[in-house]
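A.B. asks: Sequence first, then the predicted structure:
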Amino acid sequence: MAKPFRKNSGWSQYASVFVISVAMMLVDSRTSWLDGARNILSVMLSPIQGLASVPSTIGRYFTSTLTAEPDLQIAYDNLRNEYFKLKAESLLLRTLERENQDLRALLAATDRLNEKITLAELMDVNLDRDNHRVSVGRGIRNGVYVGQAVIDDQGVIGQVTEVMPLSSIIVLITDPGHALPVQIERNGLRTVVHGTGSVSLLRVPFLNQNSDILVGDVLISSGMGGRFPNGYPVAMVTDVKVIEDEAFIRVTAEPIAKLDRSNHVLLLSRQAQTQGEKRVEQLISEDD
Amino acid sequence: MSSSNRPSSGSLSIGVFISSFVALVLTVVQLPGWLFYFWPDWIAIVVAYWALVAPKRIGPFVGFIIGTLLEVLFVRKFGVMGFGLATLAFIVNSTNQQLRALSIWQQMLSVGVFIGFFKLLTGWLSGMVAGFTITTEYWYSLLGTMVIWPFAYILLEELRRTVRIR
């Protein structure tokens, strides 16, 4: 006697949940009406993230307190050498930059956009293994905005897709849904790099049989699309396969940035300073 | 065991709350690389367990709420995980009498099938909503989930006994 009743209530509950879920999916994928609720709930759920980061914090504490002094000394020496080398290189870079600016002025080209760099630390939580995304501890409060490019000390990591009050989400270039306009450093051939869902594999689709691309070529961001500033290394070509009957060649590449290992990332934001830059910003926003 | 002993609903919600909280923490905890893809879907395990042992009160609606919390934590589009967990709870609810009659190994297999269906459904839906693609690695966690199910079941039974839910 209880069974039909339960069955009925189960079905009606399930049907109402179905309707609510479909409504939520439609609303949330097309509008940003639910973002307020998400932000409030995400602040309420932050204790969970705090608890989840406890094991790795403890681990880091032990590794830092139990490191022997000679190791520290070696690490310190390495860092100091690196520092002086970089310092010397940056001296040279400043001269080159000025020279480049003068050349651009001669050619009457617009100035290169200046990027402001914000350092951010990855949060010790494993966000989502199905999508390649990480979260960093910088949010609306630190001026992070959607679409910001993210790099590490080697190359491009990804871009900011969601911003919450205290944290934000970065989608990595290896996410299956992510594509990034690039060009080959050697000859300037422009193409696109797609993520595959594997952390060390990128696809370079739509290249003709006669495209000039070789194993070992470095792909740098081309600045097309206005999201990523140009000139940052993205990937290195690992395999070029030509198959007779196919229109396109199969090219795979490997990300240069340490996607799964870096703890600190840099968020690039554009500073609108000169008139020319403002104009470019405007053009980019009109494009969007 | 039978419906004559009506357990207090307070202790049941405490049990569900504690176990979902632990499952949410376990879901976002940082992992070494080799474990990363095989890490079980803790939330699915917890929802399946409660839908199995308390089918009258833990159903699609509770699954939906837990799924929505998971979506907030994962910063995913709303609706997908909620609906997926509601479906899982609904399937387990409606087959709970058959599931209880099975041995723990057979139960492990059937729960594996149900959670596999849950993963297929949510993967397909997030493909429509957020452009997600199902990869081979996506299915590895199903193995982890099935391996962990008997242990999780025993642990949760222990929890249920401690907070006196019948």
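C.D. replies: Ah, there it is.
A.B. asks: Can you find the helix or strand in chain B with the smallest mean pLDDT?
C.D. replies: helix B:33-36 (a mean of 78; mean pLDDT, DSSP states H and E).
A.B. asks: how about that helix: buried residues?
C.D. replies: Using 16 or more other CB atoms under 10 Å in any protein chain shown as the test for burial, helix B:33-36 gives B:F36. All C-beta spots, glycine's among them, are computed from the backbone N, C-alpha and C.
A.B. asks: now swap in stretch B:112-127 and tell me
C.D. replies: Neighbour-count burial for stretch B:112-127, counted by 16+ other CB under 10 Å, picks out B:G112, B:F114, B:I115, B:F118, B:K119, B:T122, B:G123, B:L125, B:S126.
A.B. asks: I'd like to know if that stretch reaches chain A anywhere along the stretch.
C.D. replies: Yes. For stretch B:112-127 and chain A, the contact criterion (CB under 8 Å from any CB of the partner chain) is met by B:G123, B:L125, B:S126.
A.B. asks: Of these, which belong to helices?
C.D. replies: Among the residues of stretch B:112-127 next to chain A, the members falling in helices (DSSP state H) are B:G123, B:L125, B:S126.
A.B. asks: How confident was the prediction at the spatially closest residue to the second one that is not a sequence neighbour?
C.D. replies: Right, B:L125. Leaving aside its chain neighbours, B:L125 sits nearest to B:V80 (4.6 Å; criterion: CB to CB, 6 or more residues apart in numbering or on different chains). pLDDT for B:V80: 92.
A.B. asks: Now do the same contact list for A:V163.
C.D. replies: Taking CB atoms under 8 Å, 6 or more residues apart in numbering or on different chains, we find A:V163 in contact with A:G139, A:I140, A:V144, A:Y145, A:V146, A:I169.
A.B. asks: how much space between the first one and A:L45?
C.D. replies: Counting by CB to CB, to the nearest Å, the gap from A:G139 to A:L45 is 14 Å.
A.B. asks: swap in the third one?
C.D. replies: Using CB to CB, one obtains 19 Å as the distance from A:V144 to A:L45.
A.B. asks: The two: which has the busier surroundings?
C.D. replies: Neighbour comparison, A:V144 and A:L45: the larger count goes to A:V144, with 22 against 17 (by other CB atoms under 10 Å in any protein chain shown).
A.B. asks: surely the more buried one meets A:L268?
C.D. replies: No. Here A:V144 lies out of contact with A:L268, judged by CB atoms under 8 Å, at a distance of 11.0 Å.
A.B. asks: what does stretch B:132-146 contact?
C.D. replies: A:129-131, A:176-177, A:196-198, B:37-41, B:44-45, B:108-109, B:111-112, B:115-116, B:119-120, B:123-124, B:126-127.
A.B. asks: all strands for the stretch 101-250 of chain A, in order.
C.D. replies: A:115-121, A:133-136, A:149-151, A:156-163, A:168-172, A:179-184, A:190-195, A:202-208, A:218-221, A:233-241, A:248-255 (DSSP state E, counting those that start in this stretch).
A.B. asks: what about residue 149, how many residues close to it?
C.D. replies: By default, I'm working from chain A. 22.
A.B. asks: Chain B is the one I meant
C.D. replies: 23.
A.B. asks: which element is it on?
C.D. replies: helix B:140-162 (DSSP states H and E).
A.B. asks: check contacts around the residue nearest to the spatial centre of chain B.
C.D. replies: Nearest to the mean C-alpha position of chain B, counting by CA atoms, centre = their mean, stands B:A44 at 2.0 Å. Going by CB under 8 Å, 6+ apart, B:A44 touches B:L85, B:L88, B:I115, B:F118, B:K119, B:T145.
A.B. asks: Which is the succeeding secondary structure element to the strand or helix carrying the first one?
C.D. replies: Counting by DSSP H and E, the secondary-structure element that holds B:L85 is helix B:80-94. Later in the chain than helix B:80-94, the nearest helix or strand by DSSP H and E is helix B:96-101.
A.B. asks: Flag every buried residue along that next one.
C.D. replies: B:N96, B:L99.
A.B. asks: avg pLDDT for it?
C.D. replies: What helix B:96-101 shows for mean pLDDT is 91.
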